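no sequence for this one, just the structure:
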């Protein structure tokens, strides 16, 4: 790694360059426990400036780490020693909203929630709502394919990105995708790019697809009896058309207890709970759909009457708190993210409980149960050897149950060592070749997704 | 190109090898006007046989062209001189249906319609329904991302493929994707692969995602007054939540007239028509949704009362006939496939009419209007110079209106020369590198999607 040459960087780019050690260290950290030590951060002035920055980085072999809201949990935006953070948080303008055509063109740094707010008067919304949506950016959501609860009805973020402009590792700008709603033009570079975690390019513009805002959204909270099959429950709720269900969230008893203790009664008696969102055309429609959902719940062994939140936003505030209260109570911990097919949820959870019990580590589980997307939270120092063992055991268990090592957070640094277990040797070879095509000198977020060849 | 060595091929693979010139020529053609002249066709016995075949092809530099139903329209599965067709049409078993988990695992050669039939008793269905669905295969649908009318509600085929097993050009088998419903593991090789038109691998198994079958599906046919804004109409219908609309199809007046003349009255008076499908929970729900749709139609300047088809299958039979009657009446013709954003539909259609009028070529237009996906059919010898001029003019017009050169058919051979206009030079460079990663010797469907470097 060459010695940082700040003057050369200043000559190369027009935007502000930050070097204050505290500021830079803060910009080098994300939501993981990893510490970043970049030597500078750049706030590019415009897309041309991003191209200049990449050309400079290529010439000097300097790693560039894109940063939006800095909320990633596995080191996706941790900036290691010798790297430069590319801070897009100031690129926060909504450039164009075409409500009638169901798309909006935005800068990558616009916060998801701010986009939702800007869209509200238009009767449209952007379906992805990751837990971090009040601080994570649309560019970051696209970079990680982070989706959140509403993917139950609307699918992943990948389905809601129509076009991206990005500067790839050669310094050239590419336009991936199109503003047309339907497109089949050979291997899909846009589909490849969404979720690539800053390893294939620096996103300078995103055109997202929008959905019509349902006139009514209600939240339902219901207690789940001990012993109910969670996989069976998820399958029942996912298997019926026209329920209007847009989210099927689960909190286990310990998570629900911490939430109730710190934020007051949730409604149902203590124990595990489901948080549901029903979308509808009007109140009568919502009542009808609620009855359909209740009959599915009864058939799945959940007989209690749901407590209703007439304003579903209140439900999402509560859901967001499920992680915050664990932060307050325990501080740093393992925040895992796996997904398994619905038929394997119960068996996976049995194995998960065995794994955590063996290490005597408290487990707080919540997640997007309707899609088998689960977030085991383990109260243990995430940098400890036991944490490394637990993490590997959980990921192996997910794979053994036909699942994936990441449902929605991504691979980042923390899971890169396990990626070959999921993709196989040939998959890793393909991914390395794809990476080389986009980033021949390996300057874009190196050491993320793919492990460094040396390690 | 080395001289074909049939004996070496016989030693290499276990499955039957066909060499009868007529049989082989038929297997070398698809739905385009291009003539294929492969020297043999292979019916691989199993996935191991596919690996053996690829290793042999790699050693002998023999092009391999995967074939399912042979319905592609732009030369996606045309097999040129010196190539070997890999015929998957006999790989037609549904291997596993997990109705509760909403997925099914199939061999690539299962016909879309046969899968739908097998699924019906389970209360599930596979949403993609391309016009060819009675003869095209699930493997072919995935290879081209061909979707059809129901993508209006359900999205493209890409959204309904969960996992693929494929033999890439190195002869190695890869598993792309997972059976989990949610997954974010870096650059998405599965998303890249779906739509790659046999240029990245030979698909040996597909796991598709299923949707719950709506209890009621009704077809509606309504006349569109001359002068109505089609783009505005599409935007109205797409812009309202909870209509249950699963398809918004359009036939212009000439197409509707040919259909009515050859198949009998359609209901509405002569003129352009919309074919709509409404999905609902029950008849009351369907009535309610129909009224919502009618109010949207009126607001968009379509005041007529729709004619109802209580069985929507009848509507799809009719829609399928829109192409068949043109075949009967005119034989070969240009069957174009472009898509533009909804706000550009009207301007694009004006330009399309000007282009065809300038060349005095009759235009028959139909398409998936709700997504701006349009199929201009032009009655002209598709191998003539005027056809080449028209095709290029139409694709350029689609691009000029922020659209794409293929909404759902793919690039194949016929559009490969225009791909750079859509992707740009850097996009083409990336695609070539991706192709080399999957297929280092260029044996998989060469000359498709990417033009041969020499041409």
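Sure thing, it's come through. Here the structure is a predicted model, which means the values were calculated and not measured.

So for chain A, the centremost residue is which one?
residue A:146 (2.6 Å; Cα atoms, centre = their mean).

tell me the contacts of that residue?
Going by Cβ atoms under 8 Å, 6 or more residues apart in numbering or on different chains, residue A:146 touches A:128, A:130, A:132, A:136, A:140, A:157, A:408-410, B:184. Placement of C-beta: from N, CA and C, glycine included.

Next: residue A:290.
Residues in contact with residue A:290 (Cβ under 8 Å, 6+ apart) are A:218, A:220, A:278, A:306, A:308.

Can you tell me the element it falls in?
helix A:283-299 (DSSP states H and E).

Give me the buried positions along that helix.
Applying a neighbour-count criterion of 16 or more other Cβ atoms under 10 Å in any protein chain shown, one finds A:285-286, A:288-290, A:292-294, A:296-297 buried in helix A:283-299.

Can you check the pLDDT for residue A:391?
Residue A:391 is assigned 97 on the pLDDT scale.

still on that earlier bit, filter the contacts of residue A:290 down to the ones in strands?
A:218, A:220, A:278, A:308 (DSSP state E).

wouldn't the third one be in contact with residue A:214 here?
What it means is residue A:278. No. Residue A:278 is not in contact with residue A:214 according to Cβ atoms under 8 Å; the separation is 9.2 Å.

so what's the residue in chain A positioned nearest to chain B up against?
For chain A and chain B, the shortest gap (Cβ to the nearest Cβ) falls at residue A:191, measuring 2.7 Å. Applying Cβ under 8 Å, 6+ apart to residue A:191 gives the contacts A:158, B:158, B:188, B:191-192, B:194.

which of these lies closest to residue B:443?
Nearest to residue B:443 out of the contacts of residue A:191 is residue B:192 (Cβ to Cβ; 18.8 Å).

ok, and the closest non-adjacent residue to that closest one?
Using Cβ to Cβ, 6 or more residues apart in numbering or on different chains and skipping the chain neighbours, the partner closest in space to residue B:192 is residue A:192 (4.2 Å).

I'd like the next helix or strand past the helix or strand containing that neighbour.
Following DSSP H and E, one finds residue A:192 within helix A:189-193. On the C-terminal side of helix A:189-193, the nearest following helix or strand under DSSP H and E is strand A:201-209.

Who are the packing partners of that following strand?
helix A:47-60, strand A:64-67, strand A:103-106, helix A:138-144, strand A:161-168, strand A:173-177 (3 or more Cβ pairs under 8 Å, 6 or more residues apart in numbering or on different chains; DSSP states H and E).

can you give me the helices for the stretch 251-400 of chain A?
A:253-263, A:283-299, A:312-330, A:345-358, A:385-400 (DSSP state H, counting those that start in this stretch).

Could you tell me the least trusted of those helices?
helix A:312-330 (a mean of 86).

returning to that earlier point: most widely separated two among the buried residues of helix A:283-299?
Across the buried residues of helix A:283-299 (Cβ to Cβ), the longest gap, 18.6 Å, separates A:285 and A:297.

May I ask which helix or strand encompasses the nearest residue to residue A:423 once chain neighbours are set aside?
Leaving out its chain neighbours, the residue that sits closest to residue A:423 by Cβ to Cβ, 6+ apart is residue A:431, at 6.7 Å. Counting by DSSP H and E, the element that carries residue A:431 is helix A:419-438.

How about residue A:134?
Using DSSP H and E, residue A:134 falls outside every helix and strand.

For it, give me phi and psi.
The phi/psi pair for residue A:134 (degrees, to the nearest 10) reads phi -80, psi -10.

wouldn't it be in contact with residue A:116 here?
No. Using Cβ under 8 Å, residue A:134 makes no contact with residue A:116, being 9.7 Å away.

how far is the helix or strand of chain A with the lowest mean pLDDT from where the chain is centred?
Least confident helix or strand of chain A, by mean pLDDT, DSSP states H and E, is helix A:312-330 with a mean of 86. How far helix A:312-330 lies from its chain's middle: 16 Å, per Cα atoms, centre = their mean, to the nearest Å.

Now do it against helix A:253-263, angle only.
Counting by axes from the mean of the first three to the mean of the last three Cα atoms, to 10 degrees, helix A:312-330 points 100 degrees away from the direction of helix A:253-263.

Next, work out how far apart the residue nearest to residue A:205 when sequence neighbours are not counted and residue A:106 are.
Of all residues not flanking residue A:205 in the chain, residue A:165 sits nearest, at 4.0 Å (Cβ to Cβ, 6+ apart). Using Cβ to Cβ, to the nearest Å, residue A:165 is found at 11 Å from residue A:106.

who's more crowded, those two?
Between residue A:165 and residue A:106, counting by other Cβ atoms under 10 Å in any protein chain shown, residue A:106 is the more crowded of the two (25 against 20).

what bridges to the more buried one?
Counting by DSSP bridges, residue A:106 is bridged to residue A:94, residue A:206.

Quick one: residues contacting it.
A:93-95, A:115, A:138, A:205-208 are the contacts of residue A:106 under Cβ under 8 Å, 6+ apart.

now swap in residue A:132 and tell me
A:31, A:69, A:71, A:112, A:146.

Give the closest residue to the first one in space, chain neighbours not counted.
Right, residue A:31. residue A:73 (4.6 Å).

For burial, what's the neighbour tally of residue A:438?
24.

wait, what's in contact with it?
Going by Cβ under 8 Å, 6+ apart, residue A:438 touches A:168-169, A:199-201, A:444, B:430.

can you check residue A:194 too?
Applying Cβ under 8 Å, 6+ apart, the residues near residue A:194 are A:142-143, A:145, A:157-158, A:161, A:164, B:188, B:191.

how about 7 Å then?
Residue A:194 sits next to A:142, A:145, A:157-158, A:161, B:188 when contact means Cβ atoms under 7 Å, 6 or more residues apart in numbering or on different chains.

how close does it get to residue A:177?
9 Å.

try residue A:212
For residue A:212 relative to residue A:177 (Cβ to Cβ), the value is 21 Å.

In terms of neighbours, single out the busier of those two.
Shown here are residue A:212 and residue A:177; by other Cβ under 10 Å, residue A:177 has more neighbours (21 against 17).

okay but the more buried one is in contact with residue A:163, surely?
Yes. With contacts counted by Cβ atoms under 7 Å, residue A:177 reaches residue A:163, the gap being 4.0 Å.

hang on, the earlier thing: so which of the helices of the stretch 251-400 of chain A is nearest residue B:326?
Of all the helices of the stretch 251-400 of chain A, helix A:283-299 sits nearest to residue B:326, with 41.2 Å by Cβ to Cβ.

is it true that residue A:64 touches residue A:444?
Yes. Here residue A:64 reaches residue A:444: they are 5.9 Å apart, a contact under Cβ under 7 Å.

Go ahead and confirm residue A:234 touches residue A:369.
Yes. Between residue A:234 and residue A:369 a contact is recorded at 5.0 Å, counting by Cβ under 7 Å.

Now list whatever residues contact both of these two.
residue A:248.

Which secondary structure element is home to the closest residue in space to residue A:279 that isn't next to it in sequence?
Excluding the flanking residues, the one nearest residue A:279 by Cβ to Cβ, 6+ apart is residue A:214, at 3.7 Å. Under DSSP H and E, no helix or strand contains residue A:214.

List the contacts of residue A:214.
With contacts defined as Cβ under 7 Å, 6+ apart, residue A:214 is in contact with A:279-280, B:241-242.

mind checking pLDDT for it?
The model's pLDDT for residue A:214 equals 96.
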